[in-house]
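>>> sequence? don't have it. structure:
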């Protein structure tokens, strides 16, 4: 399993997610362009010294990411507020990339269409979305639980 961030906007969220990936042993992917310089310095505060422990791959575009994903034969699971199906009802496996959109705009329609599955984090009516770092933690924990990948 891998975590991918589509054009992230907020370096602190990205740093928090990279720290989570380091602690849980999940490879991280950033699909550029980001809304900030994609450098260790940009998210060092949130990620702290954990950044040296994460496997991080940067993709210059969604097209480059899709080329990589096709070579690796991985399915794409998009987490989106536009989905009807909850992430808790999904059968996760290790050959999936969990994709999370931009904090400000999610992902474009072409990315929605490229996804093999679209899932949401269930919320009370009228609520827009949870913080992306929180969503990654919730979904990654469930995916790791299902696949037996939780660190011991």
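Ah, there it is. Source: prediction; values computed, not measured. Numbers count the residues shown, from 1 in each chain.
>>> now stretch 132-142: buried residues?
Neighbour-count burial for stretch 132-142, with 16 or more other Cβ atoms under 10 Å as criterion, is recorded at 132, 133, 135, 136, 137, 139, 140. Heads up, the C-betas are built off the backbone N, CA and C, glycines and all.
>>> neighbours around residue 105, how many?
Burial measure for residue 105: 11 neighbouring residues, criterion other Cβ atoms under 10 Å.
>>> next, it: phi, psi?
Note on residue 105: its backbone torsions stand at phi -150, psi 0 [degrees, to the nearest 10].
>>> now residue 150
phi -70, psi 130.
>>> ok, it touching residue 144?
Yes. At 4.6 Å, residue 150 and residue 144 qualify as touching, with contact defined as Cβ atoms under 8 Å.
>>> okay, and the common contacts of these two?
residue 24 (Cβ atoms under 8 Å, 6 or more residues apart in numbering).
>>> let me have the buried residues of stretch 132-142 in a markdown table, extended by distance to residue 116 and secondary structure.
Compiled in a markdown table, the buried residues of stretch 132-142 are given as follows (distance: Cβ to Cβ, whole Å; DSSP: H, G, I helix; E, B strand; the rest coil):
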| residue | distance to residue 116 | secondary structure |
| --- | --- | --- |
| 132 | 21 | helix |
| 133 | 24 | helix |
| 135 | 19 | helix |
| 136 | 19 | helix |
| 137 | 22 | helix |
| 139 | 15 | helix |
| 140 | 18 | helix |
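>>> great, nothing more from me.
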